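*Asks:* task: produce atomic coordinates for the following.
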Amino acid sequence: MPVKTDLLKDSIGSVLVRMTLPMMMGIVSLMLFNIADVYFVGQLGTAPLAALGFTFPVTFSVVSLAIGLGIGTSATLAKLIGSGDQAQASSLSSDNLLLAALLTLLIAAGMQLLSAPLFTLMGAPSTLLVTIQEYMSIWLLGAVFLVVNMVANSSMRASGDTKTPAKIMAFSSVLNLILDPLLIFGWGPVPALGIQGAAIASVIAWGITTLMALHILYHHKKLLILQALELTRLRRHWLKVMKIGLPAALSNMMTPLASGVLTAVVASYGAEAVAAFGVGTRLESLSLLACLALSMTLPPFISQNYGAGQTARVARAWLLSVRFALVLQAVIYLLLILSAGTVARLFSDQAEVQELIRLWIWIVPLGFGFQAVTFLSASSFNALHQPMRAMRISVTRLFLLYVPLAWLGGYLAGLQGMFIGLVVANMLTAAVAAFWIRRHLNRLADSVATQESS
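*Replies:* Here you go, the predicted model:
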């Protein structure tokens, strides 16, 4: 069945389930990729684990670039593919992959130059800087593979195929899981490389799976073609994608910026607190994976239905997604509470770090359902070609509520107060985001009704 008919006519629930389940399994693999890094590096001791915690805001800023470009890719390609313009879709997809590679190389080079002062600004002690740079020097070299891989997967999802990207992400996770212990601890002729081995394992896994993704785009999806580098066409395509992708990327980059500020605040409580907070951020990613998968499959559905004027289906899809997110995250919170001790022991053998991980689990995941409502609303705005509204949600959450309330909570009640501040910020942002998206959808429905009656 053609993708266009599938997304426009099938029941909303069945379409979202069919697209989201494979994506969710792929993201499970991607999250396990990061969890494996934390687990194996944690075996090296508290200092390497703390160093890895400091790298998260920086590495996630690169991931945010990939997410933003992927959002722009998904929104533009879905519309072209839905209209049957395969030739234009193939040309734009190819030019967009080139854009992703060039931007990543520039950003990675800049981060490499600013590495030491950047981590010092985040509160990293001088004793950890060498360890951090050992990891980041390798990670940044391979970042281009990560971003191109993610954008290539977004091109596949725009065509309605979420199974292939999921398989690619799963294979990448398996490769990393095999290479991590081999390169970190050494085996036979392979030397023990410590935290640097974790970075090398990641780069190898990304490099191999990027080649796989490009092969599939070229030979099977026909979304990668060889074409002359015409500046006029490149400019037109890049602007088309970046109109949505740039605000989306900036919105996502605000998250690691805010995370960097919070990491600096947490650093005042010691290396153990940073180590626990680093574990928490990765548990957060794993806990939100189903909702994250939904936020990646929702935009193609919304974009095609919006283009067809079916705003009622768009509104129902958003509401169904929000209800699912709230129920799911409540269940996940209960599971985390029940397994808090086991999870803490899994990631650290230090009693103080374990205690802080348990504290994080008891408080912070209370806000995950509201956090999901926030990014589902933002992704819906991007799909509706309203990237600035999505960006406004991110600014409101991170800099008007998230960071200020976390700082205030920490000032009043220490680390526990900071964690409570994060939950309150997520609740308030979700209320604001839900109000904005519902108002916009109501206006669209009124506009469609007016056009039909005239």
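*Asks:* tell me how many other residues crowd residue 171.
*Replies:* 16 (other CB atoms under 10 Å). Yep, even glycine has a C-beta here, placed from its N, CA and C like the rest.
*Asks:* how many other residues sit next to the closest residue to it other than its chain neighbours?
*Replies:* Nearest non-adjacent residue to residue 171, counting by CB to CB, 6 or more residues apart in numbering: residue 209, 5.9 Å away. Residues within reach of residue 209, counting by other CB under 10 Å, total 24.
*Asks:* when you give positions from now on, start the count at 55
*Replies:* Sure, I'll start numbering at 55, so the last one becomes residue 263.
*Asks:* need the pLDDT of residue 263.
*Replies:* Looking at residue 263, its pLDDT reads 94.
*Asks:* just to be sure, it is in a strand?
*Replies:* No - read with DSSP: H, G, I helix; E, B strand; the rest coil, residue 263 is helix and lies in no strand.
*Asks:* quick check: next helix or strand after the helix or strand where residue 164 lies?
*Replies:* In this assignment (DSSP states H and E), residue 164 forms part of helix 140-167. Proceeding C-terminally, helix 140-167 gives way to helix 169-175 as the next helix or strand, assigned by DSSP H and E.
*Asks:* contacts for that next one?
*Replies:* Contact partners of helix 169-175, identified using CB atoms under 8 Å, 6 or more residues apart in numbering, comprise 108, 112, 165, 180, 182, 183, 186, 187, 190, 191, 318.
*Asks:* try 7 Å
*Replies:* With CB atoms under 7 Å, 6 or more residues apart in numbering as the test, helix 169-175 has contacts from 108, 112, 183, 186, 187, 190.
*Asks:* now rank those by neighbours and give me the top one.
*Replies:* residue 108 (28 neighbours).
*Asks:* give me the number of residues near the residue nearest to that one when sequence neighbours are not counted?
*Replies:* In space, residue 108 comes closest to residue 178 once its chain neighbours are excluded; the distance is 4.9 Å by CB to CB, 6+ apart. Other residues lying near residue 178 total 25 when counted by other CB under 10 Å.
*Asks:* make sure residue 178 is indeed in a helix.
*Replies:* No - according to three-state DSSP, residue 178 belongs to no helix; its state is coil.
*Asks:* so who does residue 342 touch?
*Replies:* For residue 342, the contact set (CB under 7 Å, 6+ apart) comprises 422, 425, 426.
*Asks:* select only the buried ones of those residues in PyMOL?
*Replies:* In PyMOL, a selection of the buried entries from the contacts of residue 342 looks like this (16 or more other CB atoms under 10 Å):
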select buried, resi 422+425+426
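*Asks:* of the contacts of residue 342, which is the nearest to residue 224?
*Replies:* Lowest distance from residue 224 to those (CB to CB) belongs to residue 426, with 22.9 Å.
*Asks:* what residues does the helix or strand that closest one falls within touch?
*Replies:* Here residue 426 sits within helix 422-437, counting by DSSP H and E. The contact list for helix 422-437, computed with CB under 7 Å, 6+ apart, reads 125, 129, 298, 302, 305, 341-342, 345, 348-349, 352-353, 356-357, 360, 372, 375-376, 379-380, 383-384, 386-387, 443-444, 447-448, 451, 480-481, 483-484, 487-488, 491.
*Asks:* picking up where we left off before, just the ones of the contacts of helix 169-175 in strands?
*Replies:* Counting by DSSP state E, no part of the contacts of helix 169-175 is found in strands.
*Asks:* which two among those are spaced furthest apart?
*Replies:* The span of the contacts of helix 169-175, defined through CB to CB, is set by 112 and 183 at 13.0 Å.
*Asks:* sorry, back to before: got the contact list for the residue nearest to residue 225?
*Replies:* Applying CB under 7 Å, 6+ apart, we find residue 263 in contact with 203, 222, 225, 226.
*Asks:* surely the first one is in contact with residue 262?
*Replies:* Which is residue 203. No - with contact defined as CB atoms under 7 Å, residue 203 does not count as touching residue 262 (9.8 Å).
*Asks:* who has more neighbours out of these two?
*Replies:* Per other CB under 10 Å, whichever of residue 203 and residue 262 has more neighbours is residue 203, with 26 against 15.
*Asks:* show me the contacts for the residue nearest to that one when sequence neighbours are not counted.
*Replies:* With CB to CB, 6+ apart as the criterion, residue 203 has its nearest non-adjacent residue at 4.3 Å, and that residue is residue 264. Neighbouring residues of residue 264 by CB under 7 Å, 6+ apart: 199, 202, 203.
*Asks:* low-confidence ranges in the chain?
*Replies:* 55-65, 81, 85, 136-137, 310, 362, 506-508 (pLDDT under 70).
*Asks:* what values do phi and psi take at residue 439?
*Replies:* Here is the backbone geometry of residue 439 (degrees, to the nearest 10): phi 60, psi 40.
*Asks:* quick one: it from residue 471, how far?
*Replies:* Noted for residue 439: a distance of 40 Å to residue 471, by CB to CB, to the nearest Å.
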